[in-house]
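[1] I would like to see how this sequence folds:
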Amino acid sequence: MSDVPRTPEADGSVPLPRIEPPSGDVERPIGAIRIPGAHRGGYTKLPTGPVGVEPVVVSGPDLDAVDDSDWEPATAASATDDARLAPWALLAAIVALGASFFVGWGIPVAVVSVVAAIMSLRRPVESRAIARWALVLGLCATVYSLGWLVWAGMQFERLG
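    Take a look at the predicted model:
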């Protein structure tokens, strides 16, 4: 068979493509795998570029230096604050919301839950999701309790 592709003939045959051998520039080295990462050899090159070996210069205070001039013994006031306020605010908000469905006198508990929720949102150790729920439920309880108190005030005007 010749290297020249055939022309389409009358019988409808398709010409065969001409395949040339690879040049020396693209020829695969001996012992190299055909596809990177193939199961017969893994990757042969690292996936990163060259990394410099220059020393890293750090500026700023020496964190390893010991400075005893500002040291104070640990006291009860300087201990970490592990008390959580957000769950208590959520509990107060749920109680206030339940009470606000029946009477308007649950408004003090609702206000306490709103204040506690705002305080817990400002603390970095608190659960933000619980504090947000406490704030929303506390505000709803406040609105419902105020609605009851306004309704009760209108009823007293009709009696008197």
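
[2] next, L16: phi, psi?
    L16 adopts backbone torsions of phi -80, psi 140, taken as degrees, to the nearest 10.

[3] so which elements touch the worst-scoring helix or strand of the chain on mean pLDDT?
    None of the helices or strands of the chain scores lower by mean pLDDT, DSSP states H and E than helix 128-159, at a mean of 91. If you count contacts as 3 or more C-beta pairs under 8 Å, 6 or more residues apart in numbering; DSSP states H and E, helix 128-159 packs onto helix 86-100, helix 107-121. To be clear about C-beta, it is placed using only N, CA and C from the backbone, and glycine gets the same treatment.

[4] format the ones you listed as TSV; extra columns: distance to D25, mean pLDDT and mean neighbour count.
    Output for those, formatted as TSV (distance: least, C-beta to C-beta, whole Å; pLDDT from 0 to 100; neighbours: other C-beta atoms under 10 Å):
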stretch	distance to D25	mean pLDDT	mean neighbour count
helix 86-100	68	94	21
helix 107-121	67	94	20
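
[5] so which of those gets nearest E157?
    Set against E157 and scored by C-beta to C-beta, the helices and strands packed on helix 128-159 come closest in helix 107-121, at 19.9 Å.

[6] of all the helices and strands packed on helix 128-159, which one comes closest to P22?
    Of these, nearest to P22 by C-beta to C-beta is helix 107-121, at 68.1 Å.

[7] mind giving me the packing neighbours of that closest one?
    Looks like helix 107-121 contacts helix 86-100, helix 128-159 (3+ C-beta pairs under 8 Å, 6+ apart).

[8] what residues does that helix touch?
    With contact meaning C-beta atoms under 8 Å, 6 or more residues apart in numbering, helix 107-121 is reached by 84-86, 88-90, 92-93, 95-97, 99-100, 126, 128, 130-132, 134-135, 137-139, 141-142, 145-146, 149.

[9] I'd like the C-alpha coordinates of stretch 90-104 written as CSV, please.
    Backbone C-alpha positions of stretch 90-104 (Å, rounded to 0.1, in the frame of the first residue of the first chain) are rendered in CSV as follows:
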residue,chain,number,x,y,z
LEU,A,90,-33.8,31.8,74.0
LEU,A,91,-35.5,30.1,76.9
ALA,A,92,-36.9,33.4,78.2
ALA,A,93,-38.1,34.3,74.7
ILE,A,94,-39.9,31.0,74.3
VAL,A,95,-41.6,31.5,77.7
ALA,A,96,-42.5,35.1,76.9
LEU,A,97,-43.9,34.1,73.5
GLY,A,98,-46.0,31.4,75.0
ALA,A,99,-47.3,33.8,77.6
SER,A,100,-48.0,36.5,75.1
PHE,A,101,-50.5,34.3,73.3
PHE,A,102,-52.8,34.4,76.4
VAL,A,103,-52.0,37.6,78.4
GLY,A,104,-50.1,40.8,78.0
